[in-house]
Structures are given as structure tokens and as C-alpha cells.
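Visitor: Predicted model and sequence follow; I will ask about them next.
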Amino acid sequence: MAANPHRVVIVGAGFGGLETTYRLAGAPVEITLIDRRNHHLFQPLLYQVATASLATSEIAWPIRHLMRDRREVTTLFATVSGVDAERRCVLIDDGSEVPYDTLVLATGARHAYFGHDEWEAWAPGLKTLEDATTLRRHILVAFERAERETDPKKRAARLTFVIVGAGPTGVELAGTIAEMAHHTLPADFRNIDTHKARVVLIEAGPRVLAGFPDDLSAYAQASLEKIGVEVVLGQAVTEINREGVVYGGELLEAKTRIWAAGVRASPAAEWLGAPSDRAGRVQVEDDLTIPGHSEIFAIGDTVNINAWDGKPVPGIAPAAKQQGRHVAETIKARLRGENKGAFRYKHSGSLAQIGKRLAVIDFGKVKLRGTIAWWIWGIAHIYFLIGLRHRLSVALSWLWIYSRDQRAARLITQGSSKVV
């Protein structure tokens, strides 16, 4: 490495941040990787932790462990509070600073409640491991409280699960909760019939999985309804409180409410005073740099860029990885005195699981549905997991669920005696 290597600071160890780090291996750079959590999370399977299908350790890896062989990489467990672009420093919330020559912001997204942040207390979202274990507790405690409830009305509220938003996360959550109620849990309880649990999926738009073709969307809805999910379309939720959710002017009493309706980007645009869209995503240049700051890149859910045949790049893991790869190649090209050029996104397909044996896949000209799509969905997700042990562990967990309808991660943690 050069005596004074180029200093690259990467904020965020998600798909985009890690890919940038990996792709810079061998380059004459010194990397500082900053994240407010000590682990990289495989977010596409987060809902499976929330529904007791997988354990937290099966979809997350310590960042330091992943970087243990990269001597040029320094990992910082810290929370970024801002960026001083003039002095080229990342600001940490404890008052310290991290200088950079090139900065990569891969800070992800958070929940968006469309101006009703107070709803978060009653309808948590799903973005972190903490979110997943909290939701798992809510779901499992609901059945436990229902087992002890003698009032029929209150018991019904305990056994009503509402998911707001019918994108991939909402569909996957609804389908898995219904599968749990109908196949996994019936033999475990004595005073309640878990088949009577209501799973209600509410979507303000006209169909589920709006990003998929109409035929796959219709198939997904029909499949959800077949396994017992009540799909409500064209109805916006107007209130969420302790008792339940209000839509269409009526209150649906439900003790478990889950938010899957929208996200908002991290405050990266605010840190830099950069242009952003309504969701707070930075409007980057065609090479993923911040306007007016060619030394600062932004990638993943943090950005909005029309690099997919003139359409916005979707906020999915493969897109973040492609952007991370492009940024790493751009940095290496600049160090050679060259220019990499514009980023172009190549879409490899959209996937969503509906139930334990059903999924939909859109590869463009090729569209798949049903069990074959479910197997491909599973193989694709296992492939992108890190390490042989995790791949084998997840594969065995899914095989056990597929063959025995049992979920081994049905553990209530974080204050099991508290009434939800």
C-alpha cells in the first residue's frame, strides 16, 4: 500500500456498503467502514425472523468478522450525525470526526408513516433485527394472551393480525402468519382454535405487489385468500391506535398491527443540503455522486436515480450491490487517472414468497408462480447468504418447516410477561 493511501470512508454496512468494501480489495486505499450496528443484516429474510421461521444468527453476521482478513479496513461501531463536506469529515455523535478523501454514503432507509409518526408506537415496521424480534414477540404473545382470554370479543381482537401495505414485505408477512395459524400452532393450544385467527392485509392501492405484472399480482392475491388472508384493496388506513386500525370509516379491533406501507431514506440529503425526492432520497448524478461533490457517492435506498432504462432503480439488494460495485470501480479508475462513467442498472428479476410452498417471480419475459417459483426463490436467497454454515442452517430450517410445519424459533423475548 502507498505511504499515504487514499482514504475511503463508507457509512453503512448493508448490501451496498459491503459490496463497495469487497470490490476495493487490492486497491491502494485505506477504508473506514462505519455502522451504528455491529452486524450486516440480510434484510430480505428479516420477516422470517419476525414470524419465527429463522433465528437472528442465521441472517446476520458481525461486521468485524467479515473484515477480519482485510488489514486495510478499519471498522467503527458508531452513529454518524452529519457530514462536513467543506472539511471532508464525517461527524460522529460523540463529537469525534473521521476524515476522508472519498466518502460513500450507504445509509439505507427507515420507516415512513406519511406524516403520522405517532402510529409507530402501535404499528411497528420491519427494518432491523430489533424490529423483527419485537414483531415476533407481538405475534406469539397474541396467541398466548388469547389462550387465557375468556371474553370472546377480546379474544377475537387478540387473534386479529393487521398488516398495512401489500408490497413484498406485507405479502410475505401476511402469508407466513396465516401459515403459522393454520398449520404450525393448532396442536400447541388447548383453549383456542388458531384456525380462527384473522390475518388482514390492507392496501391503499388497487392491487397487491404493485411492482409485479398484473397476472402475478392477481395470482398472489388469490393465493393469499386461499390460505386464509383477508385482502382489502383501495382502502387507506386513516388511524392506528391501541385498539386497532381505522379504514373505510370503521375500526377493526386488532392487538397486532404491522406497518409495511412505506419507507423514508436516511438523513443523508439533509447532511449535505443535497436535492432529494419526497421520500428523502438523494437525487444523485448519473455516476452516483452528490451534485457539486464529486468525491461523495450515495448508493442503495439512500438515492433516487433513473438508471434502469430511464426508470427509477428499485430499492432492492441486487440494485444496492450493483451500485456498490460501480462506486468501487469508479474509485479505482480515478486512482489510475481514468473515468468510469455513468451507472446503469441491470434488473435480474423480482421475487416474493406468498406461503411456505408458493411464490411469484418476474424475470421480465419469463414469469413463474407456484411451487417451482418457491424453490427458485429459496435457492436464490440461500445463494446470497454469507458462508456455508448459514446456507446449510437456513436450508435445513426451511426443509423442516416444509416437511413438518414446525418453526424452531418460536421464542418470546424482550419482556415476555408484558401485556401487549
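Guide: Right, received. Where do you want to start?

Visitor: Please make it C-alpha for all contacts and neighbour counts, starting now.
Guide: OK.

Visitor: Name the nearest residue to Phe343, ignoring sequence neighbours.
Guide: Closest residue in space to Phe343, ignoring its immediate chain neighbours: Asp287 at 5.2 Å, by Cα to Cα, 6 or more residues apart in numbering.

Visitor: doesn't Gly341 make contact with the one you found?
Guide: Yes: counting by Cα atoms under 8 Å, Asp287 touches Gly341, with 6.1 Å between them.

Visitor: neighbour-wise, which of those two wins?
Guide: Neighbours were counted for Asp287 and for Gly341 using other Cα atoms under 10 Å; Asp287 has more, 21 against 13.

Visitor: May I have the residues that are in contact with that one?
Guide: Neighbour list for Asp287: Val327, Gly341, Ala342, Phe343 [criterion: Cα atoms under 8 Å, 6 or more residues apart in numbering].

Visitor: tell me, what residue is most central in the chain?
Guide: Nearest to the mean C-alpha position of the chain, by Cα atoms, centre = their mean, lies Gln43 at 4.2 Å.

Visitor: Quick check: pLDDT value at the spatially closest residue to that one that is not a sequence neighbour.
Guide: Closest residue in space to Gln43, ignoring its immediate chain neighbours: Lys127 at 7.2 Å, by Cα to Cα, 6+ apart. With respect to pLDDT, Lys127 scores 93.

Visitor: quick one: low-confidence ranges for this structure?
Guide: Along the chain, segments meeting pLDDT under 70 span 1-3, 414-420.

Visitor: mind listing the helices in it by residue range?
Guide: For the chain, applying DSSP state H gives helices covering 15-23, 46-50, 63-66, 129-148, 152-158, 168-179, 214-226, 268-272, 317-335, 371-384, 388-404.

Visitor: And those helices: which comes nearest Val303?
Guide: With Cα to Cα as the criterion, Val303 lies closest to helix 268-272 of these, at 8.9 Å.

Visitor: buried ones in that closest one?
Guide: Buried positions in helix 268-272, judged by neighbour count with 16 or more other Cα atoms under 10 Å: Ala268, Ala269, Trp271, Leu272.

Visitor: Buried ones in stretch 81-98, by neighbour count?
Guide: Residues of stretch 81-98 classed as buried by neighbour count (16+ other Cα under 10 Å): Gly82, Val83, Ala85, Arg88, Cys89, Val90, Leu91, Ile92, Glu97.

Visitor: As TSV, these with distance to Phe363 would be great.
Guide: Below are the buried residues of stretch 81-98 laid out as TSV (distance: Cα to Cα, whole Å):
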residue	distance to Phe363
Gly82	39
Val83	39
Ala85	41
Arg88	42
Cys89	42
Val90	40
Leu91	42
Ile92	42
Glu97	44
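
Visitor: of all the residues you listed, which comes closest to Arg407?
Guide: Closest to Arg407, out of all of the buried residues of stretch 81-98 and judged by Cα to Cα, is Ile92, at 40.4 Å.

Visitor: now that closest one: how far from Thr302?
Guide: As judged by Cα to Cα, to the nearest Å, Ile92 and Thr302 stand 19 Å apart.

Visitor: Equivalent analysis for Phe42, please.
Guide: Phe42 is 17 Å from Thr302, where distance means Cα to Cα.

Visitor: Compare these two (neighbour count), which wins?
Guide: Neighbour count, other Cα under 10 Å: between Phe42 and Thr302, Thr302 has more, with 27 against 20.

Visitor: got the contact list for the more buried one?
Guide: Applying Cα under 8 Å, 6+ apart, we find Thr302 in contact with Leu105, Ala106, Thr107, Gly108, Ala109, Ala265, Ser266, Ala268, Gly280, Arg281, Val282.

Visitor: 7 Å instead, please
Guide: Taking Cα atoms under 7 Å, 6 or more residues apart in numbering, we find Thr302 in contact with Ala106, Thr107, Gly108, Ala109, Ala265, Ser266, Arg281, Val282.

Visitor: among the residues you listed, which are in strands?
Guide: Using DSSP state E to define strands, the subset of the contacts of Thr302 located there is Ala109, Ala265, Val282.

Visitor: Looks like the first one contacts Ala268 (just checking).
Guide: No: under the criterion of Cα atoms under 7 Å, Ala109 lies out of contact with Ala268, with a separation of 10.0 Å.

Visitor: possible to save the helices of the chain as a markdown table with distance to Asp35?
Guide: Output for the helices of the chain, formatted as a markdown table (distance: least, Cα to Cα, whole Å):
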| stretch | distance to Asp35 |
| --- | --- |
| helix 15-23 | 10 |
| helix 46-50 | 18 |
| helix 63-66 | 9 |
| helix 129-148 | 14 |
| helix 152-158 | 37 |
| helix 168-179 | 24 |
| helix 214-226 | 36 |
| helix 268-272 | 14 |
| helix 317-335 | 16 |
| helix 371-384 | 21 |
| helix 388-404 | 22 |
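
Visitor: Tell me which of the ones you listed lies nearest to Ala359.
Guide: Evaluated over the helices of the chain, closeness to Ala359 peaks at helix 371-384, with 4.6 Å, by Cα to Cα.

Visitor: Please tell me how far Trp308 sits from Phe343.
Guide: Relative to Phe343, Trp308 is positioned 9 Å away (Cα to Cα).

Visitor: next one: Pro168
Guide: For Pro168 relative to Phe343 (Cα to Cα), the value is 26 Å.
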